[in-house]
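Participant: need coordinates for the below:
(one chain, ligands or ions: 2)
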Amino acid sequence: MSEQYRLASPQCPLCAGLLQERPTPGAVVDVCADCHAVWIDWFDGDVSSVASAVEVRPAVPQARPGARTCPRCRDTLAPEHLRGHGPEILRCPGCAGVLIPSTMLAEVVALGPIEDTSPPTPEEGLFRRMLNAIRALGA
Ligand SMILES: [Zn+2]
Ligand SMILES: [Zn+2]
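Facilitator: Ligands and ions are numbered 1, 2, ... in the order given. Alright, predicted model coming up:
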């Protein structure tokens, strides 16, 4: 392969750790070896569906801050609430790839597939409160 799409050693935008490819049933994502942030390319599909196939241990980025630089196109990532009201993630304005901090992954997964536009049921509200409680414990 003469032209590689993926950079040789992409860096985590949050902590400058090494992003490592991780195959999932639906897509290949990149997971930071240090803070476990998950990078999903725009063409990998619905963010929540892809994220649901990724298992990482939530970890807080270390003191060494990354430059928030896109690991693909070097653009600067911008904060965005997923689907306007969801958990805050970082999106690249250049290639539309998404970086999910590992502490946000559970909330992203909880959004469910993008086709589901029904209002949250009481059970889902409970699930969200449980997630928040779990996150508070880990903070
Ligand atoms: Zn990282
Ligand atoms: Zn990009």
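
Participant: pLDDT score assigned to the most centrally placed residue in the chain?
Facilitator: In the chain, the residue lying closest to the centroid (Cα atoms, centre = their mean) is Ile100, at 2.0 Å. What the model reports for Ile100 is a pLDDT of 97.

Participant: now do Leu14
Facilitator: At Leu14, the pLDDT value in this model is 94.

Participant: what's around it, how many residues?
Facilitator: When neighbours are defined as other Cβ atoms under 10 Å, Leu14 has 24 of them. Where C-beta positions appear, they are placed from N, C-alpha and C, glycine not excepted.

Participant: list the residues that contact it.
Facilitator: When contacts are counted by Cβ atoms under 8 Å, 6 or more residues apart in numbering, Leu14 touches Cys32, Cys35, Ala37, Pro61, Pro65, Gly66, Arg68, Leu90, Leu99, Pro101.

Participant: go with 7 Å
Facilitator: By Cβ atoms under 7 Å, 6 or more residues apart in numbering, the residues touching Leu14 are Cys32, Cys35, Ala37, Pro61, Gly66, Pro101.

Participant: before we move on, what about Gly94?
Facilitator: Cys70, Cys73, Asp75.

Participant: doesn't it fall inside a helix?
Facilitator: No. Under DSSP: H, G, I helix; E, B strand; the rest coil, Gly94 falls outside any helix and is assigned coil.
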